[in-house]
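**Student:** whatever this is, show me its structure:
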Amino acid sequence: MATDNGDSPLLGSRADLIEALSRGCKPKSEWRIGTEHEKFSFYRETLKPVPYAGDKGIRALLEGMMQSGAWEAVHDDGKLIGLKSSDGGGAISLEPGGQFELSGAPLANVHETCTETNDHLRQLRAVADPLGIGFLGLGVTPTWSLAEIPQMPKSRYAIMAPYMEKVGTLGTSMMFRSCTVQANLDFGSEADMVKKLRVSLALQPVVTALFANSPFLDGKPNGYLSFRSQIWRDTDADRTGMLPFAFEDGMSFERYVDYALDVPMYFIRRNGNYINTAGESFRAFIDGKLPQLPGETPTHADWEDHISTIFPEVRLKQFLEMRGADGGPWQEICALPALWAGLLYDQSALDAAWDMVKDWTKEERQTLRDAVPVTALKTAFRDRNVHDLAREMVDIAHAGLKARNKLNWEGADETLFLTPLQNTLKLGKTRADRLLDLYHGAWAGDIDRVYSDAAF
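**Tutor:** Numbers count the residues shown, from 1 in each chain. Predicted structure coming up:
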């Protein structure tokens, strides 16, 4: 993690921003899969969130992970707030409420992704178990209030939280009470980026429904199957949403840059310190008119920071980030990258996915987005429902993974990672539905049972 964005090369113009995104274009032989997953940490004895400090806190957990020699420390204002792999691969970071995140390395196939994930979780359990720390695979915290959740000592969060309270009612819930799984994928050209962006934006609500796993809040059912997805509907309208402009004629890197330039800033970093620029304009920054740094223009690292604080359903950097899925159990983490690799990395599958969504209207896409947090697979769509759409989507992904023919040492291809999704479709019930069945049935309303049944 850079500590001084002033060391990064200067940006001379808006054209530099467009060029920075276009550098993401790669030949198919270099396409990779990156997977990020978050999980809640809690004390097994008390079922309370884990604070940063203390002999059995998050800092101690990070320090324990470093003992393997595979990780190097990342500091913010002298505090240990993350780890980076010694070989330049993945990273471990902390979300605002202590959610523990693995940002995986860009890997060639889902077999490698799953090996990476499993190795990480085994290493983490070896350190966490003696500390009495467990991990929960859900999209939102089921019982903790915002006041109970400790804030991690990352400087950016002290800037973001007050700003979010001004622009939406659920922004702090997003920061402190939500977890996701995210898949990052490459594109070959501007045209390839546009097609993949459109397909993934249109299908993101279907993915949200399929991965719905956040039915509890404050100790009881919250009325949603994916409350995490609902949170994003009232976080900050300036930096979230379905990006309807992406479906308009002329969509390009340039069009996305213009969108990003109009998203208000949060901060800039200089000399290891965060400078609060919340609500300021990046366009003004390019012109040397940022009030906090008059006469100074941005660096490439400033731009990278800025586009990382934009949160649409699919985010464009030098790759595409799929942001629609709730956090989930260990065995389902690899299902998300498998799904998206199947859809986007085989041309026939990508074409079939585009044929599936190309006549959906802006209003239909938005209606799906608004409805699936509540009704998930049961959401109506034309003369069908999202369950039907999800089955078609998974079938296309299955064919795409078959065509990729990436085999593990036993000769199995990547389609094996779609099994949890196929099981969900066979049952016709999301993981959230199944948790609610347990709550109203075997748990007899005892919400604490979620800390065993949904734990890693």
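
**Student:** how about the contacts made by F311?
**Tutor:** Listed by CB atoms under 8 Å, 6 or more residues apart in numbering, the contact partners of F311 are 232, 235-236, 239-240, 323. Where C-beta positions appear, they are placed from N, C-alpha and C, glycine not excepted.

**Student:** could you dump those into TSV and include secondary structure?
**Tutor:** Shown next, in TSV, are these (DSSP: H, G, I helix; E, B strand; the rest coil):
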residue	secondary structure
W232	helix
T235	coil
D236	coil
R239	coil
T240	strand
R323	strand
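
**Student:** tell me the one among those residues nearest to L293.
**Tutor:** Checking those against L293 with CB to CB, the nearest one is R239 at 21.6 Å.

**Student:** that closest one touches I310, doesn't it?
**Tutor:** Yes: R239 lies in contact with I310 (CB atoms under 8 Å); the separation is 4.8 Å.

**Student:** got any ranges where the stretch 51-200 of the chain has weak pLDDT?
**Tutor:** For the stretch 51-200 of the chain, no stretch has pLDDT under 70.

**Student:** what about Q67, how many neighbours?
**Tutor:** 11 (other CB atoms under 10 Å).

**Student:** from A209, how far out is it?
**Tutor:** Going from Q67 to A209 by CB to CB, to the nearest Å gives 41 Å.

**Student:** ok, back up a step: list residues touching both of R239 and I310?
**Tutor:** With CB under 8 Å, 6+ apart as the test, R239 and I310 both reach V263.

**Student:** element containing T375?
**Tutor:** If you go by DSSP states H and E, T375 is part of helix 362-375.

**Student:** beta partners of the most centrally placed residue in the chain?
**Tutor:** Taking CA atoms, centre = their mean, the centroid of the chain lies closest to Q182, which sits 3.8 Å from it. On the basis of DSSP bridges, Q182 is bridged to E36.

**Student:** ok, it to F245 distance?
**Tutor:** The separation that Q182 has from F245, given CB to CB, amounts to 22 Å.

**Student:** you'd agree V357 is up against A202?
**Tutor:** Yes: taking CB under 8 Å as the definition, V357 is a contact partner of A202 at 3.8 Å.

**Student:** neighbour-wise, which of those two wins?
**Tutor:** More crowded of V357 and A202, by other CB under 10 Å: A202, with 25 against 19.

**Student:** what about the helix or strand harbouring that one, distance to the chain center?
**Tutor:** Using DSSP H and E, A202 sits within helix 190-210. Relative to the chain's own centre, helix 190-210 is displaced by 14 Å; criterion: CA atoms, centre = their mean, to the nearest Å.

**Student:** so what secondary structure elements neighbour that helix?
**Tutor:** If you count contacts as 3 or more CB pairs under 8 Å, 6 or more residues apart in numbering; DSSP states H and E, helix 190-210 packs onto strand 314-316, strand 320-326, helix 335-344, helix 347-357, helix 362-375, helix 386-404, helix 419-427.

**Student:** let me know which of the ones you listed is tucked in deepest.
**Tutor:** Each of the helices and strands packed on helix 190-210 was scored by mean neighbour count; the highest is helix 335-344, a mean of 28, by mean count of other CB atoms under 10 Å.

**Student:** show the average pLDDT along that helix.
**Tutor:** Summarised as a single mean, pLDDT over helix 335-344 is 98.

**Student:** list the buried ones in the helix holding A202?
**Tutor:** 190, 192-210 (16 or more other CB atoms under 10 Å).

**Student:** tell me which residues are up against the following helix or strand past that helix.
**Tutor:** Using DSSP H and E, the helix or strand that follows helix 190-210 towards the C-terminus is strand 216-217. Contact with strand 216-217 is made by 138, 140-143, 177, 222, 227, 435, 439, 447, 450, as judged by CB under 8 Å, 6+ apart.

**Student:** for K289, state which of the residues you listed is nearest.
**Tutor:** R177 (36.9 Å).

**Student:** helix or strand for F135, which one?
**Tutor:** Applying DSSP H and E, one finds F135 within strand 133-136.

**Student:** packing partners of that strand?
**Tutor:** Against strand 133-136 (3+ CB pairs under 8 Å, 6+ apart) you get strand 33-43, helix 110-131, helix 450-453.

**Student:** distance to G104 and mean neighbour count added to the ones you listed, as CSV?
**Tutor:** Shown next, in CSV, are the helices and strands packed on strand 133-136 (distance: least, CB to CB, whole Å; neighbours: other CB atoms under 10 Å):
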stretch, distance to G104, mean neighbour count
strand 33-43, 5, 24
helix 110-131, 5, 18
helix 450-453, 26, 16
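
**Student:** nearest residue to L11 in space, please, no chain neighbours.
**Tutor:** P298 (5.1 Å; CB to CB, 6 or more residues apart in numbering).

**Student:** hmm, I was thinking of L290
**Tutor:** A284 (5.6 Å).

**Student:** tell me the contacts of W443?
**Tutor:** Contacts of W443 by CB under 8 Å, 6+ apart are 449-450, 453.
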